[in-house]
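Sequence plus predicted model, see below.
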Amino acid sequence: MSTARVVAVAPGSPAADGGVVIGDLINAVNGQPIRDVIEYRVLTDEAEVSLSIDRGGLQLDIDIDKNDGEPLGIEVDSAVFDRVRTCDNHCEFCFIYQLPKGMRKSLYLKDDDYRLSFLYGNFTTLTRFTEADLERVITENLSPLYVSIHATDPLVRNEMLRNRRGAMSLRWLRALLDHGIEVHGQIVVCPGLNDGDILDDTLCGVLDEYPELADVAVVPLGLSKFNKEPRMRLHTVQEAQRVCDLVDEWQETFRQTLGHRMVYAADEYYLLAHRPFPGPETYDGFSMHEDGIGMARAFELEFTGVTDEAIGVQTGFFAWVDGAPAEGYRAPRTESTSPTSNGSPGPAPEPGSVKLLPRRKKVAADAPVGILTGSYGMTVLAPLVAAVGRDDVRLVEVDSQFFGGNVGVAGLMVGDDLQRVLGAQPDGHRYLLPDVCLSGGRFLDGLTPDDLPRPVEIIPTDGVALRRALSREQ
């Protein structure tokens, strides 16, 4: 039987008033077993909700009256209550294979579950997709979905996934598009395997076979120092430049044929190619912002005040493994840093707000500021911070010794590296930490901000939040 374990109950919520407590197992809602948080949200959206609860072996029925559409106020331990559809591909570039030993168990689970694609934007290869899955997606309109393409040539895709079903599983992509499901695609480019002429052929295949795709992200493979696949290597500058050139050429072809650019290169490619980022208008509304497409330009617009609203979504890495917040699966990540006394999440922070973690020493409001970021962030932020013209604001690079390789994004900063870097920084300064590296209040290595040797202010990972944090009264 699939069950959802309650890990937090918001004070004053309908669930709290009805008597739901932490540790309860939800077996059914309104008499129906629930497979995942998708069904849970639909069933609990009604005004009258009946929960079948297992409380330490005691079976209870809790009836709750509330307003239509009002959340119950329950946070559960997972987004999927039955079994996560695990991945049976063996991709050489899979980052899960490149994680160090000793991290929490949930991080090592490879998923290929269309439900997590819908909920969190996880990419699925569709190699385990079925007719029943297609029926549910269409019936419940589970849109958008995110699909890993990698190559449209069946033999190349089969080699990329190292799965004999990989050659034909894109038939499901065609079926999803035929039924009007919005799909975002991704191509992870591996040097010598699916770059160059093969990437050119893949983009041609997208235009020929899947022109209804919303967009396609072209991203470089991520390599940690724990990589054991001999064919996987970093891009050369020339290879990165070729990717940028192909994307640029195909954008114009797609624009003329379909009316929009369709394909976009990750920001990392422009950094690797030593080229400036394209203008903001070339990102067509930043639809793939959370996949590293146009983040630099979006951040620039936010930080310079061109927009006062954050652009896109920052879900971070492995977001789905830490449960399903009562406020929704894409609730603000900073929420987890300020739990209430009973362990439930506090109210969502205002856009651009900061959270100063309690420490033994209070940091002065006029103290010098250190902005913590990864190696990629250093390149993006340096000209923006320099333009502010303040000698009391500096960037603090957190180089990734934990993962090593080409890992340089802020979302993969871990407590171990932050401890090392902050330990060498002066005390009494304000240190700003982007929330994208936290999930459930923890870094990927299991440490928390309270384990750091200096107090940090956790801010949303966008230019608006950083601008407001820097503009505090000095």
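Ah, there it is.

The residue of the chain most remote from its centre and Leu25, how far apart?
Most distant from the centre of the chain: Leu58, at 37.7 Å, with distances by CA atoms, centre = their mean. For Leu58, the distance to Leu25 equals 11 Å [CB to CB, to the nearest Å]. Bear in mind the C-beta positions are built from the backbone N, C-alpha and C, glycine included.

Now tell me what touches the helix or strand containing Ile64 from outside.
Ile64 is located in strand 58-65, with elements delineated by DSSP states H and E. Defining contact as CB atoms under 8 Å, 6 or more residues apart in numbering, one finds that strand 58-65 is touched by 14-15, 17-20, 47-54, 72.

avg pLDDT for it?
If you average the pLDDT over strand 58-65, you get 96.

Which positions in it come out as buried?
Ile62, Ile64 (16 or more other CB atoms under 10 Å).

Now the element after that strand, going C-ward?
Counting by DSSP H and E, what follows strand 58-65 is strand 74-76.

Which elements pack onto that next one?
Strand 74-76 sits against strand 4-9, with contacts defined as 3 or more CB pairs under 8 Å, 6 or more residues apart in numbering; DSSP states H and E.

would you put the C-alpha positions of the strand it packs on in PDB?
Written as PDB, here are the backbone C-alpha positions of strand 4-9 (Å, rounded to 0.1, in the frame of the first residue of the first chain):
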ATOM      1  CA  ALA A   4       2.500   9.500   2.600                       C
ATOM      2  CA  ARG A   5       4.200  10.300   5.900                       C
ATOM      3  CA  VAL A   6       3.400  13.700   7.500                       C
ATOM      4  CA  VAL A   7       6.700  15.500   8.400                       C
ATOM      5  CA  ALA A   8       5.200  18.900   9.200                       C
ATOM      6  CA  VAL A   9       1.800  20.500   9.900                       C
END
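
Angles on the backbone of Asp200, please.
The phi/psi pair for Asp200 (degrees, to the nearest 10) reads phi -60, psi -40.

who's in contact with it?
Leu246, Trp250.

how near is the residue farthest from the centre of the chain to Val21?
In terms of CB to CB, Leu58 sits 12 Å off from Val21.

and if you look at Val137?
Counting by CB to CB, the gap from Val137 to Val21 is 35 Å.

now swap in Glu48 and tell me
Glu48 is 21 Å from Val21, by CB to CB.

Would you list the strands that the strand holding Ile64 pairs with, along with their directions?
Sheet pairing of strand 58-65 (DSSP bridges) gives strand 48-55 (antiparallel).

Report the mean confidence score over the partner strand.
Across strand 48-55, the per-residue pLDDT values average to 96.

ditto for stretch 106-117
Computed over stretch 106-117, the average pLDDT equals 89.

Pull out the buried residues from that stretch.
In stretch 106-117, counting by 16+ other CB under 10 Å, buried: Leu107, Asp111, Asp112, Asp113, Tyr114, Arg115, Leu116, Ser117.

So what touches that stretch?
Contacts for stretch 106-117 (CB under 8 Å, 6+ apart): 36, 38, 79-80, 84-89, 94, 96, 99, 122-129, 133, 137, 142, 145-147, 318, 320-322, 444.

again, only this time at 7 Å
36, 38, 79-80, 84-87, 94, 96, 99, 122-125, 127-129, 133, 137, 145-146, 318, 320-321, 444 (CB atoms under 7 Å, 6 or more residues apart in numbering).

That one: how far from the chain's middle?
12 Å (CA atoms, centre = their mean, to the nearest Å).

next one: stretch 238-246
With CA atoms, centre = their mean, you get 26 Å for stretch 238-246.

buried stuff in that stretch?
Glu239, Ala240, Gln241, Arg242, Val243, Cys244, Leu246.

likewise stretch 127-137?
Those would be Thr127, Arg128, Phe129, Asp133, Leu134, Arg136, Val137, for stretch 127-137 by 16+ other CB under 10 Å.
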